[in-house]
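*Asks:* model the following, please.
(one chain, ligands or ions: 1)
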Amino acid sequence: MARRPVALTIAGSDSGGGAGVQADLKTFTVLGVFGTSVITGLTSQNTRKVSRIIEVPPEFVESQFDAIMEDFEVKYGKTGMLSSSKVINAVDRKVTQYKINLILDPVMVSKSGYPLVSDDTVRDIISLAKKSILITPNKFEAERLTGFRIRNPEDLRNTALRLYKDLGVNVLIKGGKALEGYDFAIIDGDEIELRGELINTDNLHGSGDVLSASITAFLSKGLKLKEAVKEAKKIVTESIKFSLSLGSGNGPVDPFSVVEKIVKIEEARESLEKLVEYIEKNRDIVDRVLYQEDKMNLGYLTEYGDFATLAGGIIRYIRWIKVDGPIVVNWYSNIIEKALKLTGKRIGVSFSITDNVLHASEQGGLKISESGVYGDLIFIDGKSVLVGDHLDDIISKLEVLRK
Ligand SMILES: Cc1ncc(COP(=O)(O)O)c(N)n1
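*Replies:* Numbering: from 1, shown residues only. All right, here's what the predicted structure looks like:
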């Protein structure tokens, strides 16, 4: 029977789906970990605002722990929104009772700027932090916890050192957009710089949750803490790079992009395989678009920027064609990738500029472009690249060239 590691999130519900429990469970799932959840509070929230918060009664927080722990083996858990001292104390009791290794994300304010915890919780958060294996404050939360100001990477390091020494806990501070995605961690005394990329987006709703949930997932899968932190940084960077323009406020980051990127590569392979099959079945097309001993190729550029193409292309050889595979991904770039990037299309075929090609495209209404921005047939480096939105689109354009 299939088995999965089980992880736990102890967090609030975000009705808008981008942060909180919803973000944590998505993150666990895409990383192959089964997610359980202790819900600490409910928010009426979207990408613009948090309009209401209801706290879950502490005894019900405790009963969720009991239900999970009597049935599952959970070694690692993470916290998100813990909105009051009573809830924090309930979590503290249960985490201690069940010996759960805790990643504490001291959530205080939403990306949309609304407080998620009452002011007097800082003391209790610090007490829970001391029992955790890692705390992951952002710049603002680290400032609140220490009273320091963080303006640059040096301040970030000093604040991390202070938290590490004073609380006796491993710490990862997220510099966020203000520090161009620079994070700094101290784990078992080792200082770890986590350089990010400057990703120019305000769609960051849920970014902190995705990071701490990724760390928790990787730990549950058996990684050591330092490795888990480094791998989690990659996941959150991807989730931000492909964050979603949903809602009119701070859109959600998208942990699902980590999986969808791979699905899209498989779709690219499948489309190219079908296109090879089509060309093999209709090889007269090759005579029309390719000079003797010239080479054609096929390519697919996914929404995530991965490029698939035939390693060797298709060669016309007397009465035969030779398909020289395999399909390789991100192996090398060619004029098809260039044409697809120029036109924003997904799938392309490169071949010679034969008289047939010129004649048939004129007759069939295919648009030729030398600059490449618009058009169905792009001329690059003395060759033509036929481009389309998907497999059927490119096949219907190849049919035009067969006439
Ligand atoms: C229920 C809940 N938990 C956590 C956050 C923090 O996420 P963010 O800072 O990205 O808004 C949130 N907005 N809502």
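*Asks:* every contact and neighbour count from this point should use C-alpha atoms.
*Replies:* Noted.
*Asks:* okay, buried residues for the host helix or strand of residue 229 please.
*Replies:* Using DSSP states H and E, residue 229 sits within helix 225-241. Buried positions in helix 225-241, judged by neighbour count with 16 or more other C-alpha atoms under 10 Å: 225-226, 228-241.
*Asks:* do stretch 304-315 as well
*Replies:* Buried residues in stretch 304-315, counted by 16+ other C-alpha under 10 Å: 306, 307, 308, 309, 310, 311, 312, 313, 314, 315.
*Asks:* picking up where we left off before, following the helix holding residue 229, which helix or strand shows up next?
*Replies:* Tracing the chain past helix 225-241, the next element assigned as helix or strand by DSSP H and E is helix 257-281.
*Asks:* these two touch, right, residue 76 and residue 5?
*Replies:* No. Using C-alpha atoms under 8 Å, residue 76 is not in contact with residue 5; the gap is 9.8 Å.
*Asks:* got the residues of the stretch 1-150 of the chain near the ligand?
*Replies:* Residues of the stretch 1-150 of the chain lying close to the ligand (C-alpha under 6 Å from any ligand atom) are 12, 13, 14, 19, 20, 43, 80, 81, 110, 111.
*Asks:* contacts for the helix holding residue 229, please.
*Replies:* Residues from elsewhere that reach helix 225-241 (C-alpha atoms under 8 Å, 6 or more residues apart in numbering): 187, 194, 196-197, 199, 201, 203-204, 207, 210-212, 214-216, 218-219, 253-258.
*Asks:* in helices, which of the residues you listed appear?
*Replies:* Among the contacts of helix 225-241, the ones falling in helices (DSSP state H) are 207, 210, 211, 212, 214, 215, 216, 218, 219, 257, 258.
*Asks:* which ones are touching the nearest residue to the first one once chain neighbours are set aside?
*Replies:* Nearest residue to residue 207 in three dimensions, chain neighbours excluded: residue 253, at 6.0 Å (C-alpha to C-alpha, 6 or more residues apart in numbering). With contact set as C-alpha under 8 Å, 6+ apart, residue 253 has these partners: 18, 203, 204, 205, 206, 207, 239, 240, 242, 243, 244.
*Asks:* turn these into JSON lines, including pLDDT.
*Replies:* Formatted as JSON lines, the contacts of residue 253 follow (pLDDT from 0 to 100):
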{"residue": "18", "pLDDT": "98"}
{"residue": "203", "pLDDT": "96"}
{"residue": "204", "pLDDT": "95"}
{"residue": "205", "pLDDT": "97"}
{"residue": "206", "pLDDT": "97"}
{"residue": "207", "pLDDT": "96"}
{"residue": "239", "pLDDT": "97"}
{"residue": "240", "pLDDT": "96"}
{"residue": "242", "pLDDT": "97"}
{"residue": "243", "pLDDT": "97"}
{"residue": "244", "pLDDT": "97"}
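*Asks:* that older thread, mind putting the ones in helices among the contacts of helix 225-241 in a markdown table, distance to the ligand and neighbour count included?
*Replies:* Listed next are the ones in helices among the contacts of helix 225-241 as a markdown table, based on distance: C-alpha to the nearest ligand atom, whole Å; neighbours: other C-alpha atoms under 10 Å:
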| residue | distance to the ligand | neighbour count |
| --- | --- | --- |
| 207 | 5 | 24 |
| 210 | 9 | 31 |
| 211 | 10 | 27 |
| 212 | 11 | 31 |
| 214 | 14 | 31 |
| 215 | 16 | 32 |
| 216 | 16 | 31 |
| 218 | 20 | 26 |
| 219 | 21 | 22 |
| 257 | 17 | 21 |
| 258 | 18 | 19 |
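*Asks:* check those and tell me the two furthest apart.
*Replies:* 219 and 257 (21.0 Å; C-alpha to C-alpha).
*Asks:* domains of this protein?
*Replies:* In terms of domains, the chain is parsed into 6-254, 261-402 (source: automatic domain parsing).
*Asks:* next up, the contacts around residue 153.
*Replies:* Applying C-alpha under 8 Å, 6+ apart, we find residue 153 in contact with 175, 179, 182.
*Asks:* of those residues, grab the buried ones for PyMOL.
*Replies:* Burial among the contacts of residue 153 is assessed by 16+ other C-alpha under 10 Å; the matching PyMOL selection reads:
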select buried, resi 175+179+182
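*Asks:* ok, so of the contacts of residue 153, who is nearest the ligand?
*Replies:* Distance to the ligand across the contacts of residue 153 (C-alpha to the nearest ligand atom) is lowest for residue 175, with 13.2 Å.
*Asks:* about what we covered before: most neighbours per residue, which of the domains of the chain?
*Replies:* Counting by mean count of other C-alpha atoms under 10 Å, domain 6-254 has the highest mean neighbour count of the domains of the chain, with a mean of 20.
*Asks:* mind checking the end-to-end distance for that one?
*Replies:* This stretch, domain 6-254, spans 22 Å end to end (C-alpha to C-alpha, to the nearest Å).
*Asks:* next one: stretch 193-211
*Replies:* Stretch 193-211 end-to-end distance (C-alpha to C-alpha) = 15 Å.
*Asks:* now stretch 162-180
*Replies:* The stretch stretch 162-180 measures 22 Å between its terminal residues, going by C-alpha to C-alpha.
*Asks:* anything in that stretch near the ligand?
*Replies:* No. Figure legend: stretch 162-180 not in contact with the ligand (C-alpha under 6 Å from any ligand atom); closest approach 11.0 Å.
*Asks:* and that stretch, average pLDDT?
*Replies:* Stretch 162-180 shows a mean pLDDT of 94.
*Asks:* ok so, going back, now for residue 76 and residue 5: what residues contact both?
*Replies:* residue 220.
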